[in-house]
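J.: Prediction below, plus the sequence it came from.
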Amino acid sequence: MQNVLVVCIGNICRSPMAQALLEAALPGSDVSSAGLHAMHGLPADPLACELMAERSFDVSRHRARQLSMDMCQRADLILVMDRAQRHEIEDRYPFAIGKVFRLCEHSKQDVPDPYLADREVFRKSLALIEDGAQQWAQRISRVASR
């Protein structure tokens, strides 16, 4: 699992936060993020930046980018925020079936989109993202150590 791709809708809230957490948890892996309907070139949401800074992560240099076929081909694992995103990727890129999973697959939860919501909604989404990232990092590390 050298190449991990994290996907959400706009690539300015959930996926940049997940990318930063997974990068820290998976040294030596290439972790990137993109959006199904990215707000191309926009920075991470200010609340995402603020909450991540509180955890000593800097996502201020992040810029949103659109998901592409090439990204999906290069990825060993594609992590999405909800079932609808999983289905959209698999419909667009059938070759990706089998490597697309929800970030919170282990807890069978979707990560709600906090875009334009208040700090508490962001905090709840980030808590799910932190849990999902930790679960995937442990799972990937176990597979890599075999």
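T.: Good, I have the coordinates. Residues are numbered from 1 along each chain as shown.

J.: buried set for the lengthiest helix in the chain?
T.: Of all the segments of type helix in the chain, defined by DSSP state H, the longest one is helix 119-144. Residues of helix 119-144 classed as buried by neighbour count (16 or more other C-beta atoms under 10 Å): 122, 125-126, 128-129, 131-133, 136-137, 140. In this view, the C-beta of every residue, glycine as well, is placed from N, C-alpha and C.

J.: now for the lowest-mean-pLDDT helix or strand in the chain, which elements pack on it?
T.: When each helix and strand of the chain is scored by mean pLDDT, DSSP states H and E, helix 119-144 comes last, with a mean of 96. Contact here means 3 or more C-beta pairs under 8 Å, 6 or more residues apart in numbering; DSSP states H and E; on that basis helix 119-144 packs against helix 14-25, helix 46-54, strand 77-80.

J.: thinking in terms of the whole chain, how far from its middle is it?
T.: Centre-to-centre, helix 119-144 and its host chain are 9 Å apart (C-alpha atoms, centre = their mean, to the nearest Å).

J.: So for stretch 14-29, what gets flagged as buried?
T.: 14-23, 25-26, 29.

J.: Export those as JSON lines, with columns for pLDDT and distance to M39.
T.: What follows is the buried residues of stretch 14-29, written out as JSON lines (pLDDT from 0 to 100; distance: C-beta to C-beta, whole Å):
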{"residue": "R14", "pLDDT": "98", "distance to M39": "13"}
{"residue": "S15", "pLDDT": "98", "distance to M39": "12"}
{"residue": "P16", "pLDDT": "98", "distance to M39": "11"}
{"residue": "M17", "pLDDT": "98", "distance to M39": "15"}
{"residue": "A18", "pLDDT": "98", "distance to M39": "17"}
{"residue": "Q19", "pLDDT": "98", "distance to M39": "16"}
{"residue": "A20", "pLDDT": "98", "distance to M39": "18"}
{"residue": "L21", "pLDDT": "98", "distance to M39": "21"}
{"residue": "L22", "pLDDT": "98", "distance to M39": "21"}
{"residue": "E23", "pLDDT": "98", "distance to M39": "21"}
{"residue": "A25", "pLDDT": "97", "distance to M39": "26"}
{"residue": "L26", "pLDDT": "97", "distance to M39": "26"}
{"residue": "S29", "pLDDT": "95", "distance to M39": "26"}
